[in-house]
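**Student:** Predicted coordinates and the sequence they were generated for:
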Amino acid sequence: MVTIDIIETSRFLSDGGALYGAVPKILWEKIETADQQNRLIQAMRCLLIREGDRNILIDTGVGNYHNDKTIKRYGLKTPLFDFNDALAPHHLTTSDITDVILTHLHYDHSGGLVTKHCNVKQSVFTNATLHMQRAHWLWANQPSLKDESGYISCHLETINNHDNVHLIDGPMQFSEHIELLTFHGHTKAMQLPLIHCNSQNYFFTGDLIARVGHLKLKYVMAYDIEPMTSIIEKKALLAKAKKEKWQLIFQHDPNTIKLDAQNYI
């Protein structure tokens, strides 16, 4: 038995040009409306997957320890988000999470590993095993000049000090119902889950297809370290998704959570 629940940790603002890279605004503004500072709203969604006696969280959002300057800069909508509050409707606490699968370690995906209590930053999921790609862990500790600002030292320190860390080498069958696929265009060795649930395949699009607008093959983010690789990976992934009738779950699109790949692509 496996169940999938979607948890939205917060929303934040990103530059529209950064989200659409080389695509001119005159084109992407046909599908997106930016604010006066050219920013677009981004959702930050995580997945809660319950499989047997395992409570698995995919990504953790941006965290709740930020100062007023950071909150204002990124337009964080729920800066005091608490995972215990979010897990309560599912009759769980952070102590019940057995596994945290990190797609990659950019701040908006790994920040929720850390919380602040009495002005001290603390680890959140103390009983969980943290799963990430070994190649990405090495990259995050020595990133390129292009993407070094995406990695936050306290996130890396929390992982480094965590009791149970599982470093994965490439794609794998993580569990009976979860397959992890790897991609290298957005950042080195990003892993995204394909979940087999009730005779349906669900793919968490992560930063490979962050928004519905990124379903267009040439629409890739300026954040990507290898944009051409992103296009190639996305083309292959979407062809498979359409053929096999996957449901796509978007991590960042503020208006669309799920789409049927067969009917949309």
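**Tutor:** Looks like it arrived, so ask away.

**Student:** Please enumerate the helices of the stretch 151-265 of the chain.
**Tutor:** For the stretch 151-265 of the chain, the helices defined by DSSP state H, counting those that start in this stretch occupy 153-160, 227-243, 261-264.

**Student:** wait, what's in contact with Lys240?
**Tutor:** Trp246 (Cβ atoms under 8 Å, 6 or more residues apart in numbering). Glycine gets a C-beta too; all of them are placed from N, C-alpha and C.

**Student:** For Gln173, see how far away it is.
**Tutor:** Noted for Lys240: a distance of 16 Å to Gln173, by Cβ to Cβ, to the nearest Å.

**Student:** pLDDT value on the nearest residue to Arg134 once chain neighbours are set aside, please?
**Tutor:** Among residues not flanking Arg134 along the chain, Leu167 sits closest, at 3.9 Å (Cβ to Cβ, 6 or more residues apart in numbering). The confidence metric pLDDT takes the value 98 at Leu167.

**Student:** Nearest approach to Ile26 belongs to which of the helices of the stretch 151-265 of the chain?
**Tutor:** With Cβ to Cβ as the criterion, Ile26 lies closest to helix 227-243 of the helices of the stretch 151-265 of the chain, at 19.5 Å.

**Student:** For that closest one, list every residue counted as buried.
**Tutor:** Neighbour counts over helix 227-243 (16 or more other Cβ atoms under 10 Å) mark Pro227, Ser230, Ile231, Glu233, Lys234, Leu237, Leu238, Ala241 as buried.

**Student:** Just give me the closest of those to Leu156.
**Tutor:** Once Cβ to Cβ is applied, the member of these that ends up nearest Leu156 is Ser230, at 24.0 Å.

**Student:** Surely that closest one is in contact with Tyr219?
**Tutor:** No. If you go by Cβ atoms under 8 Å, Ser230 and Tyr219 don't touch, sitting 9.8 Å apart.

**Student:** Pass me the low-pLDDT residue ranges in the stretch 101-250 of the chain, would you?
**Tutor:** Scanning the stretch 101-250 of the chain for pLDDT under 70 picks out 118.

**Student:** give me that answer again for 80
**Tutor:** Along the stretch 101-250 of the chain, the model assigns pLDDT under 80 to residues 117-120.

**Student:** got the helices of the stretch 151-265 of the chain as a markdown table, with distance to Ala18 columns?
**Tutor:** Formatted as a markdown table, these follow (distance: least, Cβ to Cβ, whole Å):
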| stretch | distance to Ala18 |
| --- | --- |
| helix 153-160 | 21 |
| helix 227-243 | 12 |
| helix 261-264 | 25 |
